[in-house]
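Undergrad: I'll drop the sequence and a predicted model, then ask my questions.
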Amino acid sequence: MKPIVAVVGRPNVGKSTFFNRVTKSRDALVDDRPGVTRDRLYRDARWEDTEFTLIDTGGFLERDDDPFAGHIRVQIQQAVEDADAVILMLDGKSGISPYDRDMIQMLRNVYKPVLYVVNKIDGAEQETQLADFYSLGKDNFWPISGEHGYGVPDFMDELVRVLPPSEPDEPDDMIRIAVVGRPNVGKSSLINRILGQERHVVSEVPGTTRDAVDSVCTVGEKQYRLVDTAGIRRKGKVSLKIEKFSIIKAFKSLDRCDVALVVIDAHEGITDQDITVAGYAQDRGCGCVFLLNKWDIVEKDHNTTKRYYEELRMRSKFLSFAPALTISALTGTRVHKIFRLVDEVYRQYSTRIGTGQINRIIERAIEKNEPSLHLGKRLRFYYATQVAAKPPSFVCFVNYPEAVHFSYQRYLINQIREEAGLDKTPIQLKLRQRTGRIEFGKRKKKVEFSKKKTTEYRNRKKQGKRRKK
Ligand SMILES: Nc1nc2c(ncn2[C@@H]2O[C@H](COP(=O)(O)OP(=O)(O)OP(=O)(O)O)[C@@H](O)[C@H]2O)c(=O)[nH]1
Ligand SMILES: Nc1nc2c(ncn2[C@@H]2O[C@H](COP(=O)(O)OP(=O)(O)OP(=O)(O)O)[C@@H](O)[C@H]2O)c(=O)[nH]1
């Protein structure tokens, strides 16, 4: 799991500008979330060889009900508690502001790397503006310009130096499940219910990452790892109900799971925040199951379940593959069915499809429905292959990747879903540029192409064998 760096600071200090500078846009990655340009409050980034996730924690807090100072307080508390490192960003252009001293005070004596940055120092000549900041009682401010890049390389070198290393989760045979949802929807009740069932043998085991404690439960013959449960259960007991949703906590467990259980309080109804949380699960490439909890207190008629499912589908179109189940953590209704759904989602989530099959699927899809011309040029698709599982990820080579319309990418994804029976897992399709290969739909040439490929492959294999001898 990559370390998480929380960037805290007042609005308008330049967090987004800084994010844009240090994160490179990755390949044109396509998923089922068409045309949504989301405010990127978090980004995966890399500096030299170090990968990490930057999160603008303040962006996730509702501002209206919260006085500014309270807002900053919560932001910093969560960052200190949950992140692996904290960047406090101040504004060098507008100078010291009323809350700067308080923020620095809150970050004193924190046993995690904390870096103090003064942004909008656009060149060496502006470093004089730093002088004021030293009156705040800190003597290590990093002057940077997110907009122009001044000071950024030195600062980034320091950041990756103090970051704890990425800790890969050791692979085991267990399906990893995360329970996520906004506060008070019943996450800890559900976990306690699952772990409390007599048939389930439960043990608490340290997660392979820092400070994570997981629970392993055995259902039938199978073991499941519920990630980061200790935190949730403990919190449930202390009953800190004022606690805000922590985006960092959610990310940490989503990054470690195969399947996310997105818990919703059905009694209260489906809220925007539920959909946002589900969106994170999708962003992090998790399999997903919606649990409409507190079903025991929902007023019901014959159509209630259907109405809920329809509303869920409508509001989370990008997650149309995620199955849903009505449950009650309190009474236990249908809780045992969760595992059956998880198994099915996981089976699809970890699927590998042979190159032959995926190529046939894409070829048929193109035959059925040809992509339209782009700037008078014809789009040519050459070759597709699965590059990863969990979730199933495919690369398709095409002459002008950026010219493939979003709706056509979605069409291809849907064809893969339909033909490979992958209706319950996220799927990723990357388009990569390649020219001069033999494209789909040219049957005769295609045969030559594959023949050539197999001969080449055999030769290479032979050579490899010889070399080994
Ligand atoms: N001169 C200068 N201006 C900057 C720099 N970085 C950001 N700005 C400007 O500061 C303003 C705010 O920048 P954003 O990146 O949107 O700030 P933010 O902290 O993400 O704001 P919130 O999303 O409200 O938290 C914009 O007008 C930027 O152009 C910088 O390095 N130098
Ligand atoms: N009627 C009913 N109440 C439930 C159910 N599940 C949870 N609750 C109640 O909802 C409240 C919140 O439940 P928790 O399990 O603490 O919720 P949580 O999501 O862990 O909350 P946070 O710790 O704030 O994130 C408690 O009062 C539970 O008793 C359910 O299925 N039916």
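TA: Structure's in. What do you need? Ligands and ions are numbered 1, 2, ... in the order given.

Undergrad: ok, residue 286 - contacts?
TA: 178, 254, 257-260, 391, 426 (Cβ atoms under 8 Å, 6 or more residues apart in numbering). For every residue, glycine as well, the C-beta is placed using N, CA and C.

Undergrad: Which ones among those map onto helices?
TA: When DSSP state H defines the helices, the subset of the contacts of residue 286 inside them is residue 254.

Undergrad: how does the chain divide up, domain by domain?
TA: Structural domains assigned to the chain are 4-162, 175-349, 355-461, following automatic domain parsing.

Undergrad: For ligand 1, find the nearest of these.
TA: domain 4-162 (3.0 Å; Cβ to the nearest ligand atom).

Undergrad: any chance you could map the helices in the stretch 301-450 of the chain?
TA: Remark: helices assigned in the stretch 301-450 of the chain by DSSP state H, counting those that start in this stretch are 304-315, 337-349, 355-368, 406-420, 443-468.

Undergrad: Could you list every helix and strand in contact with the third one?
TA: Read that as helix 355-368. On a contact count with 3 or more Cβ pairs under 8 Å, 6 or more residues apart in numbering; DSSP states H and E, helix 355-368 meets strand 381-388, helix 406-420.

Undergrad: In JSON lines, list those along with mean pLDDT, distance to residue 287 and mean neighbour count.
TA: Shown next, in JSON lines, are these (pLDDT from 0 to 100; distance: least, Cβ to Cβ, whole Å; neighbours: other Cβ atoms under 10 Å):
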{"stretch": "strand 381-388", "mean pLDDT": "91", "distance to residue 287": "14", "mean neighbour count": "19"}
{"stretch": "helix 406-420", "mean pLDDT": "93", "distance to residue 287": "14", "mean neighbour count": "17"}
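
Undergrad: Phi, psi for residue 376 please.
TA: With angles defined as degrees, to the nearest 10, residue 376 sits at phi 80, psi 0.

Undergrad: Near it, how many other residues are there?
TA: 5 (other Cβ atoms under 10 Å).

Undergrad: Next: residue 402.
TA: Using other Cβ under 10 Å, residue 402 has 9 other residues around it.

Undergrad: what does residue 399 give?
TA: 19.

Undergrad: who touches residue 195 in this structure?
TA: 202, 215, 217, 226, 229.

Undergrad: my guess is the second one meets residue 226, correct?
TA: Read that as residue 215. Yes: counting by Cβ atoms under 8 Å, residue 215 touches residue 226, with 4.6 Å between them.

Undergrad: who's in contact with residue 295?
TA: 266, 326-328, 333-334.

Undergrad: Would you mind putting those into CSV with distance to residue 290 alongside?
TA: Supplementary listing: the contacts of residue 295 in CSV, determined by distance: Cβ to Cβ, whole Å:
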residue, distance to residue 290
266, 10
326, 9
327, 10
328, 15
333, 16
334, 13
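
Undergrad: Just name the closest of those residues to residue 22, please.
TA: Residue 22 lies nearest to residue 266 out of the contacts of residue 295, by Cβ to Cβ, at 40.6 Å.

Undergrad: hang on, the earlier thing: what subset of the contacts of residue 195 is buried?
TA: Buried by 16 or more other Cβ atoms under 10 Å: 215, 217, 226, 229, out of the contacts of residue 195.

Undergrad: got JSON lines for those, with pLDDT too?
TA: Converted to JSON lines, those look like this (pLDDT from 0 to 100):
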{"residue": "215", "pLDDT": "86"}
{"residue": "217", "pLDDT": "86"}
{"residue": "226", "pLDDT": "91"}
{"residue": "229", "pLDDT": "80"}
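
Undergrad: quick one: which of those residues sit in helices?
TA: Counted as lying in helices by DSSP H, out of the buried ones among the contacts of residue 195, are residue 229.

Undergrad: Next one: residue 188 from residue 275, what distance?
TA: Note on residue 188: its distance to residue 275, by Cβ to Cβ, to the nearest Å, is 22 Å.

Undergrad: Please identify which of the two sits among more neighbours.
TA: Shown here are residue 188 and residue 275; by other Cβ under 10 Å, residue 188 has more neighbours (21 against 17).

Undergrad: doesn't the more buried one fall inside a helix?
TA: Yes: applying DSSP: H, G, I helix; E, B strand; the rest coil, one finds residue 188 inside a helix.

Undergrad: now the residue lying closest to residue 384 once chain neighbours are set aside, which residues is it bridged with?
TA: Leaving out its chain neighbours, the residue that sits closest to residue 384 by Cβ to Cβ, 6 or more residues apart in numbering is residue 396, at 4.2 Å. The partner list for residue 396 in beta bridges (DSSP bridges) reads residue 384, residue 431.

Undergrad: Can you give me the separation between residue 396 and residue 415?
TA: Taking Cβ to Cβ, one finds residue 396 at 11 Å from residue 415.

Undergrad: okay, and the common contacts of those two?
TA: residue 362.

Undergrad: Residue numbers of the stretch 251-400 of the chain in contact with ligand 2?
TA: 293-294, 296-297, 328-330 (Cβ under 6 Å from any ligand atom).

Undergrad: Might one say that residue 257 is in contact with residue 227?
TA: Yes: counting by Cβ under 8 Å, residue 227 is a contact partner of residue 257 at 5.3 Å.

Undergrad: Excluding chain neighbours, give the residue nearest to the residue nearest the centre of the chain in space.
TA: With distances taken as Cα atoms, centre = their mean, residue 284 lies nearest the centre of the chain, 2.0 Å away. Excluding the flanking residues, the one nearest residue 284 by Cβ to Cβ, 6+ apart is residue 254, at 4.3 Å.

Undergrad: residue contacts, that neighbour?
TA: 178, 180, 260, 280-281, 284, 286.

Undergrad: who touches both of residue 257 and residue 227?
TA: When contacts are counted by Cβ under 8 Å, 6+ apart, residue 257 and residue 227 have 176-178 as shared neighbours.

Undergrad: which residues of the stretch 101-250 of the chain score low on pLDDT?
TA: 197-212, 230-244 (pLDDT under 70).

Undergrad: List the buried residues in stretch 348-368.
TA: 348-349, 351, 353, 358-359, 361-363, 365-366.

Undergrad: So which residues make contact with it?
TA: 258-259, 287, 381, 383-386, 389-392, 394, 396, 411-412, 415-416, 419-426, 440-441.

Undergrad: Can you show me the CA trace of stretch 381-394 as PDB?
TA: C-alpha atoms of stretch 381-394 as PDB (Å, rounded to 0.1, in the frame of the first residue of the first chain):
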ATOM      1  CA  PHE A 381      -7.900  -1.400 -33.600                       C
ATOM      2  CA  TYR A 382      -5.100  -3.800 -33.700                       C
ATOM      3  CA  TYR A 383      -4.700  -6.100 -30.700                       C
ATOM      4  CA  ALA A 384      -6.100  -6.500 -27.200                       C
ATOM      5  CA  THR A 385      -4.800  -8.300 -24.200                       C
ATOM      6  CA  GLN A 386      -5.500  -8.600 -20.500                       C
ATOM      7  CA  VAL A 387      -2.700  -7.000 -18.600                       C
ATOM      8  CA  ALA A 388      -3.900  -7.500 -15.000                       C
ATOM      9  CA  ALA A 389      -6.600  -9.000 -12.800                       C
ATOM     10  CA  LYS A 390      -8.200  -7.600  -9.700                       C
ATOM     11  CA  PRO A 391      -9.800  -5.800 -11.400                       C
ATOM     12  CA  PRO A 392      -9.700  -7.200 -14.900                       C
ATOM     13  CA  SER A 393      -7.700  -4.700 -16.900                       C
ATOM     14  CA  PHE A 394      -7.300  -4.800 -20.700                       C
END
